[in-house]
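Novice: Sequence isn't available, so here's the structure alone:
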Ligand code: PMP
């Protein structure tokens with residue numbers, strides 16, 4: 001059965017959906033996106049995704065395509081129309097369609113908003129039982145990785161390299177340190193403590209990362225924010241990745257080095273369980289959006305999204321609003 005997708009205010013069969021060849025998302029990757037998980041027909045951690053969307057739009061000086069309430073309603077309607085029980089909703093906003101020129105078109109065209117669903121096994125993902133393999137590869141991306149843009153060619157090449165080598169994800173390396181995965185944040189565990197890179201413009205502030213920090217704090221798991229090298233990762237007790245569609249995913253091999261004896265370790269198993277319990281809880285979860293609690297999501301955050309402060313004397317920014 002064809003999915004129902006969303007294009008600029010209309011719900012259509014996927015075979016009938018069209019956007020302009022002049023769309024700046026298509027021509028320049030001039031667009032941003034979000035991927036929210038759905039479990040038991042309910043959105044997981046949706047407000048965090050909308051907060052990040054607001055920030056991405058603001059950083060690229062792009063307009064909201066509609067009101068936040070309309071976006072909330074669209075997400076719920078997409079779940080309903082596609083009878084989505086478990087999977088993801090992908091949504092993308094671009095600067096719209098205009099004659100090709102690098103500078104922003106004037107007057108600004110109406111932004112393009114599209115969305116679609118994908119059914120996926122998120123909770124009983126078999127990869128979580130066995131753990132996955134990762135490789136490392138140079139980080140070829142631009143300097144504003146904190147903005148969730150659709151400009152994803154470096155991650156595409158990195159992920160393909162991983163697949164070509166029989167692995168599931170590529171950890172990107174810059175200046176000798178792991179930045180993050182091509183579509184996930186990267187973690188190692190040493191002596192029971194979780195280590196992951198701090199939030200700067202060099203990585204995306206993952207919503208799952210943020211939720212993990214909250215759960216870890218609540219359950220007494222220490223997280224240290226610092227960079228680590230591939231060599232340190234090879235020696236780690238455990239390793240894992242996080243993303244909205246993989247939750248907390250154990251890693252059992254990095255560049256051919258077995259991690260934790262090739263089995264998911266106790267810390268990552270505990271963190272995944274905690275995350276699943278949180279994601280799957282029906283009702284009452286602050287991270288879950290239901291039709292009757294949409295108002296809790298509030299309007300798009302204002303100034304809180306704005307800053308990417310320049311750290312003195314360096315080319316890095318801290319992304320304080322995303323912590
Ligand atoms: N880093 C990158 C580069 C990503 O593409 C993603 C997934 N969008 C993440 C981290 C994880 O973010 P989230 O937990 O919000 O899915």
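Specialist: Arrived safely, thanks for sending. Everything quoted here is computed from the prediction, not taken from an experiment.
Novice: Show the contacting residues for residue 71.
Specialist: Contacts for residue 71 (Cβ atoms under 8 Å, 6 or more residues apart in numbering) come out as 50, 64, 65, 91. For glycine as for every other residue, the C-beta is placed from the backbone atoms N, C-alpha and C.
Novice: Mark which of these are part of helices, please.
Specialist: Using DSSP state H, residue 50 are the members of the contacts of residue 71 that sit in helices.
Novice: Out of the contacts of residue 71, who's the most crowded?
Specialist: The most neighbours of any of the contacts of residue 71, using other Cβ atoms under 10 Å, belong to residue 50, which has 25 neighbours.
Novice: from memory residue 116 sits against residue 6, does it?
Specialist: Yes. With contact defined as Cβ atoms under 8 Å, residue 116 counts as touching residue 6 (7.3 Å).
Novice: Show me whatever sits in contact with both of these two.
Specialist: With Cβ under 8 Å, 6+ apart as the test, residue 116 and residue 6 both reach residue 78.
Novice: Give me the more crowded residue out of those two.
Specialist: Of the pair residue 116 and residue 6, residue 6 is the one with more neighbours under other Cβ under 10 Å, namely 21 against 18.
Novice: And the residue nearest to the more buried one when sequence neighbours are not counted, how close does it get to residue 5?
Specialist: Nearest residue to residue 6, sequence neighbours excluded (Cβ to Cβ, 6 or more residues apart in numbering): residue 115, at 4.1 Å. The spacing between residue 115 and residue 5, counted by Cβ to Cβ, to the nearest Å, is 7 Å.
Novice: With residue 87 instead?
Specialist: 14 Å.
Novice: And residue 180, by the same measure?
Specialist: From residue 180 to residue 5 the distance is 29 Å (Cβ to Cβ).
Novice: The protein against the ligand: which residues are in contact?
Specialist: 35, 180, 183-185, 204, 206-209, 242-244 (Cβ under 6 Å from any ligand atom).
Novice: Narrow these to those in strands?
Specialist: 35, 180, 185, 242, 243 (DSSP state E).
Novice: Excluding covalently adjacent residues, which one is nearest to the last one?
Specialist: To tie it back to what came earlier, the one meant is residue 243. Closest residue to residue 243 apart from its sequence neighbours, by Cβ to Cβ, 6+ apart: residue 184 at 4.0 Å.
Novice: all strands for the stretch 151-300 of the chain, in order.
Specialist: In the stretch 151-300 of the chain, strands defined by DSSP state E, counting those that start in this stretch lie at 169-174, 177-181, 185-190, 193-196, 223-225, 238-243, 247-254, 257-258, 288-289, listed in chain order.
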